[in-house]
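Engineer: Next come a sequence and a model predicted from it.
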Amino acid sequence: DTGVSQDPRHKITKRGQNVTFRCDPISEHNRLYWYRQTLGQGPEFLTYFQNEAQLEKSRLLSDRFSAERPKGSFSTLEIQRTEQGDSAMYLCASSLGGIQPQHFGDGTRLSIL
Amino acid sequence: KQEVTQIPAALSVPEGENLVLNCSFTDSAIYNLQWFRQDPGKGLTSLLLIQSSQREQTSGRLNASLDKSSGRSTLYIAASQPGDSATYLCAVRPGDDKIIFGKGTRLHILP
């Protein structure tokens, strides 16, 4: 299966620590998206890339968050100085671009102690 | 600002019954509408995608309708089975970037 892959699946860390998640999109997909989903809510858009360019960032993406897609392939999402409110499922999706369907990974569940 | 609302938030029905999940959205300017399924702790599985020019889509026991002018969509599940238990998310695509999701309907099919 060559779907969207996210690593790690689960991350437990103490408040104040930095964490980094990785997303590997479907090969040849030039669009990559990050969403955040808290308990009982639908996913909320964070940011997206067209190849290596970050084209849009949500207001939800505070200055503690940074995302990169250095070579237009995999992407990383880093959260610095984690807070309790960062506990959520972080979902990655990729697409061929434009309004093509987005394909989602299984997410990384972050728990802040 | 586009908002997506799903009713009911939770639903329990006996196995074998037909059921309807509802979705409404505030801005009719969308490219498409999509229904996803999410199992606990998992990612999203796309069930049906309806383009803005379409009225409905069908896949097996699932049928989704779209009335863009009234800002409504329904997901019809026929002959429900315990394996259908999951959260169902409705989502709209207002542009070529993000997807806007509802909060979902948690469905429990009683054996």
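Structural biologist: Done, it's in.
Engineer: Using CSV, list the CA coordinates for stretch A:7-27.
Structural biologist: Taking Å, rounded to 0.1, in the frame of the first residue of the first chain, the C-alpha atoms of stretch A:7-27 are listed here in CSV:
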residue,chain,number,x,y,z
ASP,A,7,5.2,8.8,11.8
PRO,A,8,5.0,8.4,14.7
ARG,A,9,1.4,7.1,15.3
HIS,A,10,1.5,8.2,18.9
LYS,A,11,3.6,10.7,20.8
ILE,A,12,3.4,11.3,24.5
THR,A,13,5.5,14.1,25.9
LYS,A,14,5.7,16.5,28.8
ARG,A,15,4.5,20.1,28.6
GLY,A,16,7.3,22.4,27.3
GLN,A,17,9.0,19.8,25.2
ASN,A,18,9.5,20.1,21.4
VAL,A,19,8.0,17.4,19.1
THR,A,20,8.3,16.7,15.4
PHE,A,21,6.0,14.7,13.2
ARG,A,22,6.7,13.4,9.7
CYS,A,23,4.4,12.8,6.7
ASP,A,24,5.2,11.0,3.6
PRO,A,25,2.7,11.7,0.8
ILE,A,26,1.6,9.5,-2.0
SER,A,27,4.3,9.5,-4.6
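Engineer: quick one: contacts for the closest residue to chain B within chain A?
Structural biologist: Relative to chain B, the nearest point of chain A is residue A:42 (3.2 Å; CB to the nearest CB). Where C-beta positions appear, they are placed from N, C-alpha and C, glycine not excepted. Listed by CB atoms under 8 Å, 6 or more residues apart in numbering or on different chains, the contact set of residue A:42 reads B:4, B:89, B:91, B:101-104.
Engineer: try it again with 6 Å
Structural biologist: B:89, B:101-104 (CB atoms under 6 Å, 6 or more residues apart in numbering or on different chains).
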